[in-house]
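Chemist: here are the coordinates; sequence isn't available:
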């Protein structure tokens, strides 16, 4: 049996493409008080997490708290 013909007969699979994860965030523009932004940036430096991530976590925490729906109005 010829080695070249054996290798040619074996199909080569294309490299698997990783599927993109579903988009879970949206870019927005938001105005925050300078003091609020400064506090989040300071906290960011102390804990090593991005300030936008910290703002997102604070908003999530507030929305998950009891009575969040009634106190937002």
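Modeler: Noted; the coordinates are in hand. In this text the structure is predicted, and so the values were computed from the model without any measurement.

Chemist: all strands of this protein, in order?
Modeler: For the chain, strands defined by DSSP state E do not occur.

Chemist: helices of that one, start to end?
Modeler: 3-9, 34-47, 51-64, 68-71 (DSSP state H).

Chemist: can you redo those helices as JSON lines with mean pLDDT, mean neighbour count and distance to residue 27?
Modeler: Every residue, glycine included, has its C-beta placed from N, CA and C. What follows is the helices of the chain, written out as JSON lines (pLDDT from 0 to 100; neighbours: other CB atoms under 10 Å; distance: least, CB to CB, whole Å):
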{"stretch": "helix 3-9", "mean pLDDT": "59", "mean neighbour count": "8", "distance to residue 27": "49"}
{"stretch": "helix 34-47", "mean pLDDT": "98", "mean neighbour count": "12", "distance to residue 27": "17"}
{"stretch": "helix 51-64", "mean pLDDT": "96", "mean neighbour count": "12", "distance to residue 27": "10"}
{"stretch": "helix 68-71", "mean pLDDT": "69", "mean neighbour count": "9", "distance to residue 27": "24"}
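
Chemist: nearest to residue 28, out of those helices?
Modeler: helix 51-64 (10.6 Å; CB to CB).

Chemist: how far away from the center of its chain is that closest one?
Modeler: How far helix 51-64 lies from its chain's middle: 13 Å, per CA atoms, centre = their mean, to the nearest Å.

Chemist: by contact count, what packs against that helix?
Modeler: Judged by 3 or more CB pairs under 8 Å, 6 or more residues apart in numbering; DSSP states H and E, helix 51-64 is in contact with helix 34-47.

Chemist: what does the helix it packs on rub up against?
Modeler: When contacts are defined by CB atoms under 8 Å, 6 or more residues apart in numbering, helix 34-47 is touched by residues 50, 51, 54, 55, 58.

Chemist: right, I'll call it a day here.
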